[in-house]
Every structure is written in structure tokens, then in C-alpha cells.
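Participant: need a 3D model of the sequence below.
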Amino acid sequence: MPLTVTDVAAPVDDDPTGQGLFFLLIAVSIGSYASVAAIGAAGSALPMRVRALLTLGVSVVVGGIGALLAGPVFHLAHHDLAGLFGMAWLYAAGILLLGVGLHTFLKRWTTLAMMVLFVMLNFTSSGGLFRPELQNGFFGTLHAFWNGAGFVEGARSLLYFDGDGLGRSLWTLAAWLVLGLAVLALAAVRERTAARPRPRGTAGRRRKRPRRRPRRRPMKRPKRPSASERLG
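Facilitator: Numbering: from 1, shown residues only. As a prediction, the model looks like this:
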């Protein structure tokens, strides 16, 4: 049977397939979890408060690079570039905060966890290439609350549909940001607890006194006979 496709909103000339936002998602995601690895390796000795501020600063840079790619570089967004930057920052900050917090618990396995969360599960469920109606039940369900789907759907809503449905996408990105802050707070408590010195003795237990070794008595040397005793 013939298939008729009607464009409700025509894509821009620089993105005729409408898939440019998906590749923007990939770029921001790679910048985010690569920054997690850098902060985890170079900033592990820093206090958690300093790492949190560094994470927020890096997320602004990653979001700014995403906005530059979408606007002046590839011309995916011809309007509302500031709003797109805000969503890119929300998305990047959620990933970065979550990753820096997980590094305290997972250490060298953090990169693998980030790949699973924000590549394997994220890209497929985002709806950037295939709508959730065309995916299986698992990825179609993830599309409802995963952060990649929130970014792609929010960007589409902002650029093509005059903000229709934008609020739901923003709430999704904000929920992931709160989740990242919660994991970061748990990591700070864990590090603070591990840094406390442990008491040597346990209360309520008597310390055993060391046994004293018996002193050795010096051996008496025999007296040498005097000169008179020798002559006698």
C-alpha cells in the first residue's frame, strides 16, 4: 500500500532529514561523559565541593559547544538558540553530576557505567532516529523518562512546534539533574566518612596488659683467693 507522509512542520534546509538533533545529542553526550573521566582522573584528590563547582563549570562549556554546533556551525537551529543552550546545559549537567558522584563508588568502572547509561540505553531510546512507536517495548518505555529523549523531544518542541510539550521535556531533564545532585551528595558523605580516623581501641573492652618477663638474676662469680690465703 502506498505511504503518504505529511510534514506538520517542515525541517530546515540545512537538516532535511530532521535527524540533526540526534547527532547533536551524541556530541553533547560524548563531551559530558568524557569530562567525567577527566574530572575523575585529575580531580579525585580535590574536595567534593570543588569538584561540584568544577562540574557545573564544565557543563556550561559543554552546553555552549552544543549550542555553537547547532547554530553557527551546522545551522540546525535558526531561532531560540538561547533556549537550546539551556536544555543542552541541563542535559550535560545531569550527566556530569551523576558521573562524578558515581566515580566515588565505582572508581575505574565508572566509564563502563556511563557508556551503558548514556550510550547503549540513551541513544536508542531517544527517538532521534526512530520514534518510540517503532521500537520494542523496553526502549519505548525508556523514552518516557530517559534524559536523551527529554533533550531530543524538547529541542524538537522548541524549534519546530512553538514549545508545545516543552514543559514535560524540561521536567525530565530537571529530574535527572536532581538525581545527579543526590548521587553527588551521597558520594560526599561517603568520602567524609572514609576520611575520619578510626579509634584504635573499642569502648567496653579491657586492654590486655603485656606480660612482664622475669628478670634474670646476675650470676655470682667465685671470689678469687687473697694473697695471704694462697701463702697459707
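Participant: now name the helix or strand holding V28.
Facilitator: Using DSSP states H and E, V28 falls within helix 20-42.
Participant: okay, that helix in PDB with CA atoms only?
Facilitator: Taking Å, rounded to 0.1, in the frame of the first residue of the first chain, the C-alpha atoms of helix 20-42 are listed here in PDB:
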ATOM      1  CA  GLY A  20      20.500  16.600  13.100                       C
ATOM      2  CA  LEU A  21      19.200  16.900  16.700                       C
ATOM      3  CA  PHE A  22      20.100  13.300  17.300                       C
ATOM      4  CA  PHE A  23      23.700  13.900  16.200                       C
ATOM      5  CA  LEU A  24      23.700  17.000  18.400                       C
ATOM      6  CA  LEU A  25      22.600  14.700  21.300                       C
ATOM      7  CA  ILE A  26      25.600  12.400  20.500                       C
ATOM      8  CA  ALA A  27      28.000  15.300  20.500                       C
ATOM      9  CA  VAL A  28      26.800  16.700  23.900                       C
ATOM     10  CA  SER A  29      26.800  13.200  25.400                       C
ATOM     11  CA  ILE A  30      30.300  12.400  24.400                       C
ATOM     12  CA  GLY A  31      31.500  15.800  25.700                       C
ATOM     13  CA  SER A  32      29.800  15.100  29.000                       C
ATOM     14  CA  TYR A  33      30.900  11.600  29.900                       C
ATOM     15  CA  ALA A  34      34.400  12.300  28.600                       C
ATOM     16  CA  SER A  35      34.600  15.200  31.000                       C
ATOM     17  CA  VAL A  36      33.500  12.800  33.800                       C
ATOM     18  CA  ALA A  37      36.600  10.700  33.100                       C
ATOM     19  CA  ALA A  38      38.800  13.700  33.100                       C
ATOM     20  CA  ILE A  39      37.500  15.100  36.300                       C
ATOM     21  CA  GLY A  40      37.600  11.700  38.000                       C
ATOM     22  CA  ALA A  41      41.200  11.200  37.000                       C
ATOM     23  CA  ALA A  42      42.600  14.600  37.600                       C
END
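Participant: that one packs against which elements?
Facilitator: helix 48-68, helix 81-106, helix 110-115, helix 121-125, helix 147-160 (3 or more C-beta pairs under 8 Å, 6 or more residues apart in numbering; DSSP states H and E). (Glycine included, C-beta is placed from N, CA and C.)
Participant: ok, now which ones touch the most centrally placed residue in the chain?
Facilitator: With distances taken as C-alpha atoms, centre = their mean, the residue of the chain nearest its centroid is G99 (0.8 Å). Counting by C-beta atoms under 8 Å, 6 or more residues apart in numbering, G99 touches S32, Y33, V36, G40, T110, M114.
Participant: so for these, which is the shakiest by pLDDT?
Facilitator: Among the contacts of G99, G40 carries the lowest pLDDT, at 83.
Participant: where does R215 land on pLDDT?
Facilitator: 69.
Participant: brain fart, D15
Facilitator: For D15, pLDDT reads 87.
Participant: give me the neighbour count for it.
Facilitator: By other C-beta atoms under 10 Å, 19 other residues sit near D15.
Participant: contacts only, for it.
Facilitator: L21, F74, H75, L76.
Participant: how many other residues sit next to the first one?
Facilitator: Residue neighbour count, defined by other C-beta under 10 Å, stands at 23 for L21.
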